[in-house]
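Colleague: can't give you the sequence, but here's the structure:
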């Protein structure tokens, strides 16, 4: 597994002296990451502490399954869609909201990093896999 990078920089891992991705993909990913980070900064101000605290409680609840926690994450993202500008793609905004929520949860309770990261990656893969693939192929 790779390092969590939130600033758009590559993780610095090398394989056989080479970066894991060809330079063209790396550049595409940097562009997409910069765009998503800009959107995330806008959403960061809109997300209320209550939403984050509710999600933290769900992540701390050891009786909830992975699927139940992913469902709570999905509900929180849907709840926050009211802040999405009308001219923004719904999928892109929801993807960014999931990442911003992850950041806020981890900033609130750092010990949840591994659990929150895995849940978010699972959620994004389930909900946005095709969108992410399309976004990368359109930018390339």
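Modeller: Yep, that arrived. Note that the structure is a prediction, hence the values are computed from the model and not measured.
Colleague: tally of neighbours for residue 116?
Modeller: Residues lying near residue 116 (other C-beta atoms under 10 Å) number 25. Just so you know, the C-beta spots here come from the backbone N, C-alpha and C atoms, and that holds for glycine as well.
Colleague: now do the same for it: helix, strand or coil?
Modeller: helix (DSSP: H, G, I helix; E, B strand; the rest coil).
Colleague: who's in contact with it?
Modeller: By C-beta atoms under 8 Å, 6 or more residues apart in numbering, the residues touching residue 116 are 59, 102, 105, 106.
Colleague: buried ones among those residues?
Modeller: 59, 102, 105, 106 (16 or more other C-beta atoms under 10 Å).
Colleague: could those go into a markdown table alongside secondary structure?
Modeller: Shown next, in a markdown table, are the buried ones among the contacts of residue 116 (three-state DSSP):
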| residue | secondary structure |
| --- | --- |
| 59 | helix |
| 102 | helix |
| 105 | helix |
| 106 | helix |
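Colleague: present those residues as a markdown table; the columns should include pLDDT and distance to residue 90.
Modeller: Formatted as a markdown table, the buried ones among the contacts of residue 116 follow (pLDDT from 0 to 100; distance: C-beta to C-beta, whole Å):
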| residue | pLDDT | distance to residue 90 |
| --- | --- | --- |
| 59 | 95 | 25 |
| 102 | 93 | 19 |
| 105 | 94 | 22 |
| 106 | 94 | 25 |
